[in-house]
Structure formats: C-alpha cells, structure tokens
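>>> Build me a model:
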Amino acid sequence: MSINLGDEISRRRRDQKLTQEDLAELSGLSVNFISRLERTKNQNISIQKLDSIACALNTTTPDIINNAYRFKKVKADENQDNTPAFIQKVTNELRNLPKNQAEHVSKSFIGLLKEINSSNN
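Model (predicted):
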C-alpha cells in the first residue's frame, strides 16, 4: 500500500498528539480542509498550504513530501534533513512563483510524484 500526503500528515499529527482541530488552528487552515486532506487520495494542495502544515508540525515541506512518497534518502552530509535535492529545489522554486501560478504548479508536482510513486510499485 502506498502512502500519500494525507497519510503522512495524519501520522505526524497523531505522533505529536494533535487533533485535526489543533493542526487547523496551528496552520491557519480549516478543520474541513485538514480532514479532507487526511482522508482522501485526491491531494490538491498548494505549496503555501503545505508549508503552513509543515510549520505547524515542526518539520519541512520537502521532508513531508519525501516521506509521503518514500523517495530514497541521500547522505546526511548532502543536505540538512536528508531530503533528495530535487524535492528541496522544486519546493524552494515554487515559493518564488506568484500565488496562483505556485498553486497550479504545486498540484501538478504532487500529481507527478504520485505517478512516479505508483510506477515504482
């Protein structure tokens, strides 16, 4: 069974003993959005929203993406959190785009990661 962003966010939230309401408040997102993200496979999420969730969970967006799609870890000395460089680069570049463009590209990027993950299984 493959993991997805919602599964990874839910796992991290529960590990920190947070409710969906707690995460929603900490991230500035709605409880409905957090609930839908955790329970569905349709993961349309912008980089800004994922950044908000990552910050609320005391982690990074690339780390959530990496763990959700189980990309091979790189050597610890190559980057700080062992996330593949391409994920870090793409997430950093997405933050530099205008909001509407970043949201569109973020959703496409997540879709691409899901395709890569499913073709590797």
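
>>> just for the protein, where's the confidence low?
Residue ranges of the chain with pLDDT under 70: 1-3, 41-43, 71-84, 117, 120-121.

>>> what's next to the longest helix anywhere in it, contact-wise?
Taking DSSP state H as the criterion, the chain has its longest helix at helix 99-120. Contact with helix 99-120 is made by 2, 4-5, 43-48, 50, 65, 68-70, 90, 94-95, 97, as judged by Cβ atoms under 8 Å, 6 or more residues apart in numbering. Bear in mind the C-beta positions are built from the backbone N, C-alpha and C, glycine included.

>>> Figure out how far that helix is from the centre of its chain.
For helix 99-120, the distance from its own C-alpha centre to the chain's C-alpha centre is 11 Å (Cα atoms, centre = their mean, to the nearest Å).

>>> send the alpha carbons of it over as PDB?
The C-alpha trace of helix 99-120 is given here as PDB (Å, rounded to 0.1, in the frame of the first residue of the first chain):
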ATOM      1  CA  LYS A  99       0.500  32.600  -5.600                       C
ATOM      2  CA  ASN A 100      -1.900  31.400  -8.400                       C
ATOM      3  CA  GLN A 101       0.900  30.000 -10.500                       C
ATOM      4  CA  ALA A 102       2.500  28.300  -7.500                       C
ATOM      5  CA  GLU A 103      -0.800  26.700  -6.600                       C
ATOM      6  CA  HIS A 104      -1.200  25.300 -10.200                       C
ATOM      7  CA  VAL A 105       2.400  24.100 -10.400                       C
ATOM      8  CA  SER A 106       2.200  22.600  -6.800                       C
ATOM      9  CA  LYS A 107      -0.800  20.500  -7.700                       C
ATOM     10  CA  SER A 108       0.900  19.300 -10.900                       C
ATOM     11  CA  PHE A 109       4.100  18.500  -8.900                       C
ATOM     12  CA  ILE A 110       2.200  16.400  -6.400                       C
ATOM     13  CA  GLY A 111       0.400  14.600  -9.200                       C
ATOM     14  CA  LEU A 112       3.800  13.900 -10.800                       C
ATOM     15  CA  LEU A 113       5.100  12.500  -7.500                       C
ATOM     16  CA  LYS A 114       2.100  10.200  -7.200                       C
ATOM     17  CA  GLU A 115       2.700   8.900 -10.800                       C
ATOM     18  CA  ILE A 116       6.400   8.300 -10.100                       C
ATOM     19  CA  ASN A 117       5.500   6.500  -6.900                       C
ATOM     20  CA  SER A 118       2.800   4.300  -8.400                       C
ATOM     21  CA  SER A 119       5.000   3.300 -11.400                       C
ATOM     22  CA  ASN A 120       7.800   2.300  -8.900                       C
END
